[in-house]
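Participant: Here is my input, please return the structure:
(one chain, ligands or ions: 1)
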Amino acid sequence: MDSNHSSPVLADTAPINNSSLGIHSSVTSNNYIAIPMKKQGKVDDIFSNSWLDAMRSSSPSRKKLIKSNEETAVEHFDTAYLSWMRKHPSALIFMDQIRKQAKNKKVVIFLDYDGTLSPIVNDPDNAFMSNEMRLAVENVTKLFPTSIITGRSRDKVCQLVGLTELYYAGSHGMDIMCPVKHSSDDNHRHYVGLSNVQGKELKLVQPAREFLPMIEQVFKVLVRNTKGIKGTLVENNKFCASVHYRNVEEKNWSKVAQIVHETLTDYPRLQLTHGRKVLEVRPVVDWNKGRAVEFLLHSLDLHDKANVLPIYIGDDRSDEDAFKFLRERKCGIGILVSSVPKDTKASYSLKDPPEVMEFLKAIANLKKMGQL
Ligand SMILES: O=P(O)(O)OC[C@H]1O[C@H](O[C@H]2O[C@H](CO)[C@@H](O)[C@H](O)[C@H]2O)[C@H](O)[C@@H](O)[C@@H]1O
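Facilitator: Numbering: from 1, shown residues only. Next up, the predicted model:
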């Protein structure tokens, strides 16, 4: 691979038309789903098709070993994974290529939390990062400007990460705490206030602030409406509400989808995105993890393409907005964390959080040895 952007660009839209029902929904490359303004026809059909497909594919598990004979256990899936890795090579194996791209540039690190720094677990409250990972992140923050960009609320992720020398963007980038900008700030309209954290003056930027009461309301409605479905968990992520179905029996997934769908018909200013076994309800605003990366680069005065190399590591569909931003910017490295082949705009891949940790250690070592 000769550049940051040599993997194929994906088709922008995978249309899902239920035109016979008078409903036109589509999943875009950003994974936003248009919510039909009014219900028509048999809504059940919708959930048995597009939504359910998206729900099933949201967090695929690795296929089990299939023994082809006594001696060999062939993991058929590996063939597909290896072929996918030709397009999205391992950032660890291709570290030297990354080092060359970063040479004489200021590296800026962006990290997603769940599935990137912490393993995916059944209970979101138990998604802890290991102490070794925390140390690896801490070492990186001492060498490179580093931000965490997550779907979780900013408060929650600050608590989970527990490090102060980095910047946090919660609610898929809609709640950013970052340095006070030195030069012109074209996003000043999103500015909410100043905060003093351990003697450092930081500013708070919340582009969807007006939606706060609406999200609080829809959160309560979703909790009430999904109460009867065993295993459902609704999480309040401040500027979005996440409806988890990881612990719901698959036969009930269509019920979860239907409830979320019906709830959203009362909220035309909210939209739905899919994450890993989670339906994310968020405001219809032109803001996402990609916009957050762009905003942070400006706030850190690190938007100069000639001298700065942003590296973004994430595992989920919402991270695709950041990968897309870097790809379109033609400067930056997107790394998808996945142990299965996935459509992505990232250039490189890492298999799982332990590999992310190895990558963070490796890039920190290169810097310490003066090779970056
Ligand atoms: O942007 P992220 O940091 O990746 O956050 C996305 C969502 O992550 C969390 O949910 C996911 O991880 C859980 C814990 O491992 C898992 O149980 C769940 O199935 C995953 O979807 C978090 O709980 C959500 O609020 C975030 O939006």
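
Participant: CA only for contacts and neighbour counts going forward, please
Facilitator: Will do.

Participant: Quick check: residues of the protein near the ligand?
Facilitator: By Cα under 6 Å from any ligand atom, the part of the chain that sits against the ligand consists of 112-115, 119-124, 127, 150-152, 242, 246, 275-278, 316.

Participant: Show only the entries of these found in strands.
Facilitator: Among those, DSSP state E puts 242, 275, 278 in strands.

Participant: The first one reaches residue 274, doesn't it?
Facilitator: No - taking Cα atoms under 8 Å as the contact criterion, residue 242 and residue 274 are not neighbours in contact, 9.5 Å apart.

Participant: ok, the residue nearest to residue 305 when sequence neighbours are not counted - how many residues close by?
Facilitator: Using Cα to Cα, 6 or more residues apart in numbering and skipping the chain neighbours, the partner closest in space to residue 305 is residue 331 (6.2 Å). By the criterion of other Cα atoms under 10 Å, residue 331 has 21 neighbours.

Participant: any idea how far residue 107 is from residue 331?
Facilitator: For residue 331, the distance to residue 107 equals 11 Å [Cα to Cα, to the nearest Å].

Participant: How about residue 232, nearest residue that isn't a chain neighbour?
Facilitator: residue 245 (5.2 Å).

Participant: Now do the one you found against residue 371, distance only.
Facilitator: In terms of Cα to Cα, residue 245 sits 45 Å off from residue 371.

Participant: the more surrounded of the two?
Facilitator: Taking other Cα under 10 Å, residue 245 and residue 371 do not tie; residue 245 has more neighbours (24 against 14).

Participant: Spit out the contact partners of the more buried one.
Facilitator: Neighbouring residues of residue 245 by Cα atoms under 8 Å, 6 or more residues apart in numbering: 231, 232, 233, 253, 256, 277, 278, 279.

Participant: If any of the residues you listed are buried, put those into a PyMOL selection.
Facilitator: The buried subset of the contacts of residue 245, as determined by 16 or more other Cα atoms under 10 Å, is captured in PyMOL by this line:
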select buried, resi 232+233+253+256+277+278+279
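
Participant: how about CSV for the contacts of residue 245, with distance to residue 169 and pLDDT added?
Facilitator: Listed next are the contacts of residue 245 as CSV, based on distance: Cα to Cα, whole Å; pLDDT from 0 to 100:
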residue, distance to residue 169, pLDDT
231, 28, 98
232, 26, 98
233, 23, 98
253, 30, 96
256, 28, 97
277, 22, 97
278, 19, 97
279, 20, 97
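
Participant: Wait, a helix at residue 93?
Facilitator: No - counting by DSSP: H, G, I helix; E, B strand; the rest coil, residue 93 is not part of a helix but coil.

Participant: about what we covered before: overlap of the contact sets of residue 242 and residue 274?
Facilitator: residue 280.

Participant: Show me the beta-bridge partners of the nearest residue to residue 235 once chain neighbours are set aside.
Facilitator: Leaving aside its chain neighbours, residue 235 sits nearest to residue 242 (5.0 Å; criterion: Cα to Cα, 6+ apart). For residue 242, the beta-bridge partners are residue 235, residue 280 (DSSP bridges).

Participant: Name all residues that make contact with residue 242.
Facilitator: Per Cα under 8 Å, 6+ apart, neighbours of residue 242: 234, 235, 236, 278, 279, 280, 281.

Participant: for residue 161, same thing?
Facilitator: So residue 161 contacts 129, 134 (Cα under 8 Å, 6+ apart).

Participant: roughly how far apart are it and residue 120?
Facilitator: From residue 161 over to residue 120 (counting by Cα to Cα), the distance is 15 Å.

Participant: so how far is the ligand from the residue lying closest to residue 84 once chain neighbours are set aside?
Facilitator: Using Cα to Cα, 6+ apart and skipping the chain neighbours, the partner closest in space to residue 84 is residue 341 (5.7 Å). For residue 341, the distance to the ligand equals 18 Å [Cα to the nearest ligand atom, to the nearest Å].

Participant: which SS class is residue 341?
Facilitator: coil.

Participant: so it sits right up against residue 80, yeah?
Facilitator: Yes - between residue 341 and residue 80 there is a contact under Cα under 8 Å: 6.9 Å.

Participant: Between the two, point out the one with more neighbours.
Facilitator: Higher neighbour count among residue 341 and residue 80: residue 341, with 18 against 12, using other Cα under 10 Å.

Participant: which residues touch that one?
Facilitator: Contacts of residue 341 (Cα under 8 Å, 6+ apart): 80, 81, 84, 85.

Participant: May I see the ChimeraX selection of the buried members of those residues?
Facilitator: The buried subset of these, as determined by 16+ other Cα under 10 Å, is captured in ChimeraX by this line:
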select :81,84,85
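
Participant: Could you pull out the strands in the stretch 1-150 of the chain for me?
Facilitator: 13-18, 23-28, 32-33, 66-67, 73-74, 106-111, 146-149 (DSSP state E, counting those that start in this stretch).

Participant: Low-confidence stretches in the chain?
Facilitator: 1-49, 59-77, 181-194, 197-198 (pLDDT under 70).

Participant: Next one: the residue in the stretch 201-350 of the chain that the ligand sits nearest to relative to residue 82, how far apart?
Facilitator: In the stretch 201-350 of the chain, the residue that lies nearest the ligand is residue 276 (4.0 Å; Cα to the nearest ligand atom). As for residue 276, its distance to residue 82 is 22 Å (criterion: Cα to Cα).
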